[in-house]
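Asker: Build me a model from this:
(chains A and B)
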There are 2 protein chains.
Amino acid sequence: MFREKIKVLDCTIRDGGLINNHNFDSRFVREVYKAVSAAGIDYMEIGYKNSPELFSRKEYGAWKFCDDDDIKKIIDGIESKTKLSVMVDIGRVNLNDVKPANKSPIKMIRVASYVKDIDKAISMVNHFNQKGYETAINIMAISKDQGPELDEALHQIEEESKADVVYIVDSFGALYQETTEYLVKKFTNIIKTKEVGFHGHNPQQLAFSNTIEAIIHDANYLDATVYGIGRAAGNCPLELLMGFLKNPKFDIRPILDLISNEFIPLRNKIEWGYIIPFAIAGMMNEHPRAAMALRKSDQKENYREFYDSLVTTENDD
Amino acid sequence: MFREKIKVLDCTIRDGGLINNHNFDSRFVREVYKAVSAAGIDYMEIGYKNSPELFSRKEYGAWKFCDDDDIKKIIDGIESKTKLSVMVDIGRVNLNDVKPANKSPIKMIRVASYVKDIDKAISMVNHFNQKGYETAINIMAISKDQGPELDEALHQIEEESKADVVYIVDSFGALYQETTEYLVKKFTNIIKTKEVGFHGHNPQQLAFSNTIEAIIHDANYLDATVYGIGRAAGNCPLELLMGFLKNPKFDIRPILDLISNEFIPLRNKIEWGYIIPFAIAGMMNEHPRAAMALRKSDQKENYREFYDSLVTTENDD
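Answerer: All right, here's what the predicted structure looks like:
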């Protein structure tokens, strides 16, 4: 599978940061940046650009804020063609904190948005575009939000926004390949002047196959993370995606070394991957919030009760 | 997804036995049988029917041989509609050891065969059919064996065999959804008087999605294992497949309990699942043999060297 237009975005530090309050130390982040660069990955998303007035620096690590100075410590002295990206949430960033692109190590800003917030997302994306950034709108929780509002939002994005990419974000890992196909076709039918991207989650072990499905139907921007790290069950494993793409510009070896040296030890300290409560949340098309809370309790292997609690909640709708 | 013709075969003990030389104790196997029965699963494959003249009972556990007496100890006193199945390998079973079906607790016999051995497989299947068993031919290593010999074998099976089911076995976990679609269509085009089945392996986290793909294209017999247990990376997780099928006859709760109580502790003693050397073997379309050996050595996390060794071997072809 080799299609020149395909761009891979590694969001290891950004999505992985959701497990540990963005507390990766500089040495670790440098190792990731070094490996991702040597592997030839197109983009690396290093964290969120959140306003320090809204979140405490004591509670959260550097990659919740992505100050230019912190980023410079990571990239300094490492040869790289990988572009850096940050994610912003609506209402959580002070736009004045974002310098023009030519004064920042960041090349791309991605705005995470629910369908209902699309007006705000468009306005933010256009602001960042004005400042010289590549931009994307990442439409979250798509498996719960496929009514006519989605079509309307896509038309608005196509007509009013300067976004370079519009992402399908399967926040709950609830999509199967047929639903992925349906959504990618819907997106590419409406979004003609921008690229379509896909960000999968992995509670049902479908993040990689859904990413393949998205590729088949012409999504060109693909998110993945090293060893599948990410919130709850995690994301599409970067190493699997590279094995599938077979693009000669990629070299999987630095990623294999990174997993051996950094991610195997890390996985003993923090948890992600195929874990039954996350799988249950995914098959029920639910946010993994309750499953993540369960995993921090002394009931962490009590799957039946957790399953029944979700069934009960569902019936309350 | 509810299609009445779909049958789920749990091969937890049979494929899981490849990790531990079939040494599951009776208590554990009874727990599995109890849960699979309560969950409403159609078949449970309990092991291999191998000749004790060829394999030592000291080296291998009971489920390498599946003596009727051992099976009776498992099922005794448990209410169940689940049919029992065993697998046989060509040249490893003494046909005289297999009693007529009406004198055995076994209901189905599946013959595992490479394309090249299809004549022997057909002759065995017809023998077991004569004895009153449901039968299947499981075509192994299909990702390496798709030449005209495969078409010929399928025509022979259709015309000469009494098999009830013909399985696509992705022994190396090398199929993607497009190759799965291609193969299922090829099988269903030729096999008109029997059902088509799918048995996936999971090195690339694709066993479940390939099983879904097989369902979409009309395979009706589906293999899965509890918590994905099985040789190397394991198989399609039964709990995910049940979540997808949504057939009202299934109840996922007994399987969730079984994972909580038995498989979480077991996973701390024996290894299966998403492990990088298995993933590498899968993406290279290779048997996980070398990866399994690596995992037993002190080099078990040395992924780069393992990757390079496979690349080198490949170029020697």
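
Asker: how many other residues sit next to the closest residue to A:D223 other than its chain neighbours?
Answerer: Of all residues not flanking A:D223 in the chain, A:H199 sits nearest, at 4.0 Å (CB to CB, 6 or more residues apart in numbering or on different chains). C-beta coordinates here come from the backbone N, C-alpha and C atoms, glycine included. Neighbour count for A:H199, taken as other CB atoms under 10 Å in any protein chain shown: 31.

Asker: My guess is A:H199 contacts A:V169. True?
Answerer: Yes - using CB atoms under 8 Å, A:H199 makes contact with A:V169 at a distance of 4.6 Å.

Asker: shared neighbours, those two?
Answerer: Common contacts of A:H199 and A:V169 (CB atoms under 8 Å, 6 or more residues apart in numbering or on different chains): A:N138.

Asker: could you say which helix or strand contains A:E149?
Answerer: helix A:148-160 (DSSP states H and E).

Asker: which secondary structure elements does the next helix or strand after that helix contact?
Answerer: Using DSSP H and E, the helix or strand that directly follows helix A:148-160 along the chain is strand A:165-169. Judged by 3 or more CB pairs under 8 Å, 6 or more residues apart in numbering or on different chains; DSSP states H and E, strand A:165-169 is in contact with strand A:108-113, strand A:134-139, helix A:177-190, strand A:195-199, strand A:221-224.

Asker: Kindly recompute the last result at 10 Å.
Answerer: Packing partners of strand A:165-169 (3 or more CB pairs under 10 Å, 6 or more residues apart in numbering or on different chains; DSSP states H and E): strand A:7-10, strand A:108-113, strand A:134-139, helix A:148-160, helix A:177-190, strand A:195-199, helix A:207-216, strand A:221-224.

Asker: That strand: which residues count as buried?
Answerer: A:V165, A:V166, A:Y167, A:I168, A:V169 (16 or more other CB atoms under 10 Å in any protein chain shown).

Asker: Check stretch A:240-260 too.
Answerer: Result for stretch A:240-260 [16+ other CB under 10 Å]: buried residues A:240-245, A:250, A:252-260.

Asker: swap in stretch A:130-142?
Answerer: A:K131, A:Y133, A:E134, A:T135, A:A136, A:I137, A:N138, A:I139, A:M140, A:A141, A:I142.

Asker: May I see those residues organised as a markdown table, with distance to chain B added?
Answerer: As requested, the buried residues of stretch A:130-142 are exported to a markdown table (distance: CB to the nearest CB, whole Å):
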| residue | distance to chain B |
| --- | --- |
| A:K131 | 39 |
| A:Y133 | 33 |
| A:E134 | 30 |
| A:T135 | 31 |
| A:A136 | 25 |
| A:I137 | 27 |
| A:N138 | 23 |
| A:I139 | 22 |
| A:M140 | 22 |
| A:A141 | 19 |
| A:I142 | 18 |
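
Asker: Pick out whichever of those sits closest to B:R14.
Answerer: A:I142 (38.8 Å; CB to CB).

Asker: And the closest one, how close does it get to B:W63?
Answerer: 44 Å (CB to CB, to the nearest Å).

Asker: any idea how far the nearest residue to A:M292 once chain neighbours are set aside is from A:R289?
Answerer: Once flanking residues are discounted, A:M292 sits nearest to A:A232: 5.7 Å by CB to CB, 6+ apart. A:A232 is 9 Å from A:R289, where distance means CB to CB.

Asker: And the helices in chain A, which stretches?
Answerer: A:12-16, A:26-39, A:68-75, A:118-130, A:148-160, A:177-190, A:207-216, A:238-245, A:253-258, A:264-267, A:276-283, A:289-295, A:303-315 (DSSP state H).

Asker: any chance of those helices in CSV, with distance to A:N94 too?
Answerer: What follows is the helices of chain A, written out as CSV (distance: least, CB to CB, whole Å):
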stretch, distance to A:N94
helix A:12-16, 19
helix A:26-39, 23
helix A:68-75, 14
helix A:118-130, 12
helix A:148-160, 23
helix A:177-190, 30
helix A:207-216, 32
helix A:238-245, 32
helix A:253-258, 33
helix A:264-267, 32
helix A:276-283, 33
helix A:289-295, 27
helix A:303-315, 36
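
Asker: Identify whichever of those lies nearest to B:K194.
Answerer: helix A:177-190 (26.1 Å).

Asker: quick one: is the closest one near chain B?
Answerer: Yes - counting by CB under 10 Å from any CB of the partner chain, chain B is contacted by helix A:177-190 at A:Q177, A:E178, A:T180.

Asker: possible to save the residues you listed as TSV with neighbour count and pLDDT?
Answerer: Converted to TSV, those look like this (neighbours: other CB atoms under 10 Å in any protein chain shown; pLDDT from 0 to 100):
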residue	neighbour count	pLDDT
A:Q177	21	96
A:E178	13	96
A:T180	27	97
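
Asker: ok, so of these, who is nearest B:A153?
Answerer: Once CB to CB is applied, the member of the residues of helix A:177-190 next to chain B that ends up nearest B:A153 is A:Q177, at 28.4 Å.

Asker: who's in contact with that closest one?
Answerer: For A:Q177, the contacting residues are A:206, A:209-210, A:212-214, A:216-217, B:177, B:209-210, B:212-213, B:216, by CB atoms under 10 Å, 6 or more residues apart in numbering or on different chains.

Asker: how close does it get to A:A35?
Answerer: 30 Å.

Asker: can you tell me which residues contact the residue nearest to A:M292?
Answerer: A:15, A:18-19, A:171-173, A:201-203, A:271-273, A:275, A:277-279, A:281-282, A:287-289, A:291-292, A:295.

Asker: Filter those residues down to the buried ones.
Answerer: A:15, A:18-19, A:171-173, A:201-203, A:271-273, A:275, A:277-279, A:281-282, A:288, A:291-292, A:295.

Asker: burial measure for A:L175, as a count.
Answerer: The burial count for A:L175: 27, using other CB under 10 Å.

Asker: which one of the helices of chain A has the lowest average pLDDT?
Answerer: Across these, helix A:303-315 has the smallest mean pLDDT, namely a mean of 86.

Asker: by contact count, what packs against that one?
Answerer: Packed next to helix A:303-315, using 3+ CB pairs under 10 Å, 6+ apart, are helix A:276-283, helix A:289-295, helix B:238-245, helix B:253-258.
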